[in-house]
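> sequence? don't have it. structure:
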């Protein structure tokens, strides 16, 4: 293992004033060393796992129990690994949600659930969607069951969670790789939304260069976020209609039924991504950790690209359908 390049204060002070190039090299080496200490600690504690180790924990159990503490979008992005786990092993998978785990936010940001990642209401709404998936035997609230795979382990892994692709974080801590270009969510399309543009934009992860008001030139605009988010968007898009959903299975049905989904890096986009519907993502420049993969996926940073994408996709007669 590489030894720490850290030096005592006297050596650092001497280099700083007598040998600036050496001091700069020292700072770069120290920063590099510190950058992977979280990964090193995770590895030394053997927190990462493999398929064989997961199966070794079963001890005759009839199903693989996986757990997750949230956030809701993180739960959805974990599903490609869960689906692959079921596919490879042929063993039923139970998905257990741990509620009321503390949430840490970046300064200046807020979250609809306050200071927890997942509460009972959010978990029950997720369960409606999880139980619809063919590869999940049962989704439920965690109540002390033996857990064979902790899907939230990535939070202690040392990975840089403000970049990359959320769905791939699970690959890195489980050793299980899935095809992210294929749909990993199933839902029945709500046909009454077949001519609607479905929109969701949280109050977090807003690209400051983006203005949604041009969408007022389009008809049948349906917003599927919470009331506060809708009221904020309504100030920019007067002809926006709000469709509150009763649970996340209904949310998936509405998104699956629409002709186009537009969203930012919030929960509804994770559903659109899992369904592989025709979708456009507003990328947040400070935390670009959501990446559309596979057919029908588009993303943007700049306004004129946003407007071009909407125009071209709405105008297209035959966009490739989601599976």
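Nice, I can see it. Here the structure is a predicted model, which is why all the values come from computation and not from measurement. Numbers count the residues shown, from 1 in each chain.

> okay, now the closest residue to residue 57 other than its chain neighbours: neighbour count?
Nearest in space to residue 57, with sequence neighbours left out and distances taken as CB to CB, 6 or more residues apart in numbering, is residue 148 at 4.5 Å. For glycine as for every other residue, the C-beta is placed from the backbone atoms N, C-alpha and C. Here the number of neighbours of residue 148 (other CB atoms under 10 Å) works out to 23.

> do I have it right that residue 148 meets residue 61?
Yes: taking contact to mean CB atoms under 8 Å, the distance of 7.5 Å between residue 148 and residue 61 places them in contact.

> if we can go back for a sec, so how far is residue 174 from the residue nearest to residue 57?
With distances defined as CB to CB, to the nearest Å, the gap from residue 148 to residue 174 amounts to 11 Å.

> okay, and the common contacts of these two?
Contact criterion CB atoms under 8 Å, 6 or more residues apart in numbering; residues shared by residue 148 and residue 174: residue 54.

> low-scoring stretches of this structure, by residue?
Low-confidence segments of the chain (pLDDT under 70): 1-2, 104-114, 317-323.

> so where do the helices sit in it?
Ranges of helices within the chain are 9-18, 20-35, 37-44, 51-56, 72-89, 120-130, 166-174, 227-234, 248-257, 267-275, 303-315, based on DSSP state H.

> and the angle from the third one to helix 166-174?
When you say that, I think you mean helix 37-44. Taking axes from the mean of the first three to the mean of the last three CA atoms, to 10 degrees, one finds helix 37-44 and helix 166-174 inclined to each other by 40 degrees.

> list the buried residues for helix 37-44?
Applying a neighbour-count criterion of 16 or more other CB atoms under 10 Å, one finds residue 42 buried in helix 37-44.

> which residues touch that helix?
Here helix 37-44 makes contact (CB under 8 Å, 6+ apart) with 1, 48, 156, 157, 158, 159, 173.

> centre of the chain to that helix, how far?
Here helix 37-44 is found 23 Å from its chain centre; the criterion is CA atoms, centre = their mean, to the nearest Å.

> residue 68 against residue 99, yeah?
No: proximity of residue 68 to residue 99 does not meet the contact threshold set by CB under 8 Å, at 10.4 Å.

> looking at the two, which is more packed in?
Between residue 68 and residue 99, residue 68 has the larger neighbour count (other CB under 10 Å), namely 29 against 18.

> the more buried one and residue 100, how far apart?
With distances taken as CB to CB, residue 68 is found 13 Å from residue 100.

> kindly report the same for residue 67.
14 Å.

> who has more neighbours, the two?
The residue with the greater number of neighbours, taking residue 67 and residue 100 and applying other CB under 10 Å, is residue 67; the counts read 19 against 15.
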